[in-house]
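Student: no sequence on hand, only this structure:
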């Protein structure tokens, strides 16, 4: 699997997929979940860079920590 960067003009997600076609479909679903927009206009589908992947993981971990702190 490869990690792909899938983006509209305003939002992006990273998805693990076998190819760009699969990444577009997975990214479309993830962008709908993220934004609530039923018809995201995907402009970019490409392999994610190492820095983008590192930042994505850092951000997901920060959100998880914040959620845990808010539950207390």
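Tutor: It's in. If you're wondering where the values come from, they're calculated on a predicted model, not measured in any experiment.
Student: which SS class is the most centrally placed residue in the chain?
Tutor: The centroid of the chain falls nearest to residue 13 when counting by CA atoms, centre = their mean (1.7 Å). Under DSSP: H, G, I helix; E, B strand; the rest coil, residue 13 falls in the strand class.
Student: and the closest residue to it other than its chain neighbours, how far from residue 56?
Tutor: Among residues not flanking residue 13 along the chain, residue 30 sits closest, at 4.2 Å (CB to CB, 6 or more residues apart in numbering). (Each C-beta comes from the backbone N, C-alpha and C, glycine too.) Taking CB to CB, to the nearest Å as the measure, residue 30 falls 12 Å from residue 56.
Student: select the longest helix from this structure.
Tutor: helix 50-71 (DSSP state H).
Student: picking that back up, the residue nearest to the centre of the chain against residue 34, yeah?
Tutor: Yes. Using CB atoms under 8 Å, residue 13 makes contact with residue 34 at a distance of 6.3 Å.
Student: let me see the mean pLDDT of the helix or strand where residue 31 lies.
Tutor: Assigning secondary structure by DSSP states H and E places residue 31 in helix 20-35. Across helix 20-35, the average pLDDT comes to 98.
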